[in-house]
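1. sharing a model that was predicted from the sequence below.
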Amino acid sequence: MNNPCVYIVGAGPGDPSLITVRGRQLLDRADVVVHDHLIPAGLLRLARAGAERIDVGPAAPRVLDQEAISILLVEKVRDGKTVVRLKWGDPFLFDSGGKEALLLHEQGVPFEIVPGIPSAIGGAAYSGIPVTYPGAGDVVTFVRGHEEETDAAPNVDWGRLAGLGGTIVCYAGPRQVGAIASALVAHGMSADESAALVYDPTTPSQRTMSGALGTIASQAREGMPSLMVIGRVAGLREHLRWFDNRPLFGRRIVVTRSREQAGELIEMLEERGAVAIAAPTIRIAPPHDDTELREACASVSSFDWIVFTSANAVDRFVGELLVSGDVRDFKGVRICTVGPSTASRFHRYGIRVDLTPAEYRGEAVLESLKAAGPVKGKKFLLPRADIAREVLADELREAGADVTEVIAYRTTLSEPERGPDQDIYRMLLEGKIDAVTFTSASTVRNFLQIYGEDQAADLLRGTVVAAIGPVTAEAAQQLGINTTVMPARYTIPDLVDALVEHFSSVAETR
């Protein structure tokens, strides 16, 4: 992308993951991102850090606004910028992408069109409605509908449309649903024909109303545009719905892990339908003085055991080791990890772990080590965080072991995220958070430090508090916070399963 250009990119219907690979690549390279107001914040965060972001309002702007947007694109390119024009849905389906591209052509500005998944396709699929189905007709008709605030149906030949059969997909304004249904019934379509209204398609707030064409208007949500699907295929929704059937669908769950570690938990929550809100309370930083760490890495072969109690310790230690050595330095040294997540981090380096205790907490490690062989007189190395608990080191020394502790990393307070979808305090105050997850004692303490000890403790009483294990739950209890959910095994997958079980039981009692 050496030459300035405008890339008109379809963002898809709402779910940030539905953008094409090409679209995501261009976002990562763009100097300027000019976007519709509907583009989700999660998608805009995929743009490179230094890119200028410009919100130009509705996806279907007025004529004068459209001209201003087109002029803006031309000016940015002439300033030597590479521009991504990010548009909701697909740029060429009921959108102004064609107008913008034509003006760029007239001005001699190079451009490229990157298609996106239209809401008419993606929204129907996410609600469990295939727009075509064998035996349900061979015609699919897309109808523009909700640009204007009007009670009138779109200006189309409803007589011909009603007689075509197949599927009709219409972008229906909040006051148009009744007029569209009435026009079709008046021109011969059965009032009993299946119909559905899809709101906020492909997002965690998606809602789908199903019914008969003659009565579907009674289910329309006031003030909200919808995707209206009419035809036999709409009757398949109850058999094919999947998106809003997921166990955590629509639940807003806060993830307080560090940005470096949050990915696994966020991904697992989102796969189960939750809105995972990243609100890191801790930041992983190198030690102030890494002399002891470097010395330990240089003499790694002199130890009998190295015990890792976190994935961060693994990354820091192995990273430092690889600066001047390689993984062969671990030869003859036995490795113990507390928990499968920490063990899996070693697997990425192609290193085999010798021992992972069945119970994933420090106190259980000593018994497992004793079962694996003599402890007395053996040399142990414990790379750890600056604020890690010293229980294991003390117990190993009492058992006669020679223990060396080194600070592999520091856990510091993270700056709170900014933006309306990251205002955790406000969302807790308004009861818009379903659960807050804590994966270490430091995430609890820092959460209260960020949001205020007294205020945060009060706010958390109004939501589900999920702690990964007893150490974290105990830290919360000491600060006046009761734990609602805690898994039997102290791992991220088990924490997610415990949340699923909790909210499933809540749903059953309603």
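-> Cool, got the structure. The shown structure was predicted, so the numbers you read here are calculated from the model rather than taken from an experiment.
2. residues in contact with Ala186?
-> Neighbouring residues of Ala186 by CB atoms under 8 Å, 6 or more residues apart in numbering: Trp158. (Each C-beta comes from the backbone N, C-alpha and C, glycine too.)
3. tell me the pLDDT of the nearest residue to Asp79 once chain neighbours are set aside.
-> Beyond its immediate neighbours in the sequence, the residue positioned closest to Asp79 (CB to CB, 6 or more residues apart in numbering) is Pro4, lying 7.9 Å away. In this model, Pro4 is scored at 88, pLDDT.
4. just checking, next helix/strand downstream of the helix or strand hosting Phe447?
-> If you go by DSSP states H and E, Phe447 is part of helix 441-451. Sequence-wise, the next helix or strand beyond helix 441-451 is helix 453-460, with elements assigned using DSSP H and E.
5. name the helices or strands packed onto that following helix?
-> helix 424-429, helix 441-451 (3 or more CB pairs under 8 Å, 6 or more residues apart in numbering; DSSP states H and E).
6. now do it and helix 441-451, the angle between them.
-> Taking axes from the mean of the first three to the mean of the last three CA atoms, to 10 degrees, helix 453-460 and helix 441-451 form an angle of 110 degrees between their directions.
7. could you point out which element follows helix 453-460?
-> Defined by DSSP H and E, the subsequent element after helix 453-460 is strand 464-467.
8. for the record, mean pLDDT for that next one?
-> If you average the per-residue pLDDT over strand 464-467, you get 97.
9. change the start of the numbering to 30 and stick with it
-> Shifting the count to begin at 30 puts that one at strand 493-496.
10. so what does it touch, helix or strand wise?
-> Using 3+ CB pairs under 8 Å, 6+ apart, strand 493-496 sits against strand 464-467, helix 499-507, helix 521-538.
11. returning to what we had before: checking the residue nearest to Asp108 next. Helix, strand or coil?
-> Under the three-state scheme (DSSP: H, G, I helix; E, B strand; the rest coil), the conformation of Pro33 reads as coil.
12. contacting residues for it?
-> Val106, Arg107, Asp108, Gly109, Lys110, Thr111, Val112, Pro139.
13. what's the local residue count around the first one?
-> It refers to Val106. One way to gauge burial is a neighbour count; for Val106, by other CB atoms under 10 Å, it gives 23.
14. what strand or helix carries it?
-> Val106 belongs to helix 92-107 when assigned by DSSP H and E.
15. tell me the helix or strand right after that helix.
-> Taking DSSP H and E as the definition, the helix or strand that follows helix 92-107 towards the C-terminus is strand 112-116.
16. helices or strands up against the helix or strand just after that following strand?
-> Following strand 112-116 in sequence order, the next helix or strand is helix 126-135 (DSSP H and E). When contacts are defined as 3+ CB pairs under 8 Å, 6+ apart, helix 126-135 sits against strand 35-39, helix 92-107, strand 112-116, strand 140-143.
17. pLDDT (mean, whole number) over helix 126-135?
-> Taken as a whole, helix 126-135 carries a mean pLDDT of 93.
18. do the same with stretch 407-421
-> For stretch 407-421, mean pLDDT is 86.
19. please export the C-alpha coordinates of that stretch as PDB.
-> Extracted C-alpha coordinates of stretch 407-421, given in PDB (Å, rounded to 0.1, in the frame of the first residue of the first chain):
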ATOM      1  CA  LYS A 407      17.100 -30.600  46.100                       C
ATOM      2  CA  LYS A 408      17.600 -27.200  44.500                       C
ATOM      3  CA  PHE A 409      14.400 -25.500  43.500                       C
ATOM      4  CA  LEU A 410      14.000 -22.300  41.400                       C
ATOM      5  CA  LEU A 411      10.700 -20.300  41.700                       C
ATOM      6  CA  PRO A 412      10.300 -17.500  39.000                       C
ATOM      7  CA  ARG A 413       7.400 -15.500  40.200                       C
ATOM      8  CA  ALA A 414       5.600 -12.200  40.300                       C
ATOM      9  CA  ASP A 415       6.800  -9.400  42.600                       C
ATOM     10  CA  ILE A 416       3.600  -9.700  44.700                       C
ATOM     11  CA  ALA A 417       3.200 -13.500  44.600                       C
ATOM     12  CA  ARG A 418       2.400 -15.400  47.700                       C
ATOM     13  CA  GLU A 419       5.300 -17.100  49.500                       C
ATOM     14  CA  VAL A 420       3.500 -20.100  50.800                       C
ATOM     15  CA  LEU A 421       5.100 -22.600  48.400                       C
END
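20. next, the buried residues of that stretch.
-> Residues of stretch 407-421 classed as buried by neighbour count (16 or more other CB atoms under 10 Å): Lys407, Phe409, Leu410, Leu411, Pro412, Arg413, Ala414, Ala417, Leu421.
21. could you dump these into JSON lines and include distance to Gly202 and secondary structure?
-> Below are these laid out as JSON lines (distance: CB to CB, whole Å; DSSP: H, G, I helix; E, B strand; the rest coil):
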{"residue": "Lys407", "distance to Gly202": "74", "secondary structure": "coil"}
{"residue": "Phe409", "distance to Gly202": "69", "secondary structure": "strand"}
{"residue": "Leu410", "distance to Gly202": "67", "secondary structure": "strand"}
{"residue": "Leu411", "distance to Gly202": "64", "secondary structure": "strand"}
{"residue": "Pro412", "distance to Gly202": "61", "secondary structure": "strand"}
{"residue": "Arg413", "distance to Gly202": "59", "secondary structure": "strand"}
{"residue": "Ala414", "distance to Gly202": "55", "secondary structure": "strand"}
{"residue": "Ala417", "distance to Gly202": "58", "secondary structure": "coil"}
{"residue": "Leu421", "distance to Gly202": "63", "secondary structure": "helix"}
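22. from the residues you listed, which two are the most distant?
-> Lys407 and Ala414 (23.3 Å; CB to CB).
23. give me the nearest residue to Asp221, chain neighbours excluded.
-> On the basis of CB to CB, 6+ apart, the spatially nearest residue to Asp221 that is not a chain neighbour turns out to be Ala241, at 5.1 Å.
24. elements contacting the longest strand along the chain?
-> Longest strand in the chain, counting residues (DSSP state E): strand 431-442. In terms of contacts (3+ CB pairs under 8 Å, 6+ apart), strand 431-442 is packed against strand 311-314, helix 320-327, helix 340-353, strand 408-414, helix 420-427, helix 470-480.
25. as CSV, the ones you listed with distance to Met515 would be great.
-> Rendered in CSV, the data for the helices and strands packed on strand 431-442 read as follows (distance: least, CB to CB, whole Å):
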stretch, distance to Met515
strand 311-314, 20
helix 320-327, 33
helix 340-353, 20
strand 408-414, 22
helix 420-427, 19
helix 470-480, 13
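26. roughly how far apart are the spatially most distant residue from the centre of the chain and Leu101?
-> Relative to the average C-alpha location in the chain, and by CA atoms, centre = their mean, no residue lies farther out than Gly406, which sits at 48.3 Å. Shown here: Gly406 relative to Leu101, a distance of 73 Å by CB to CB, to the nearest Å.
27. please apply the same query to Ser331.
-> Between Ser331 and Leu101 the distance is 64 Å, computed by CB to CB.
28. show me which of the two is the more surrounded one.
-> Shown here are Ser331 and Leu101; by other CB under 10 Å, Leu101 has more neighbours (16 against 12).
29. great, nothing more from me.
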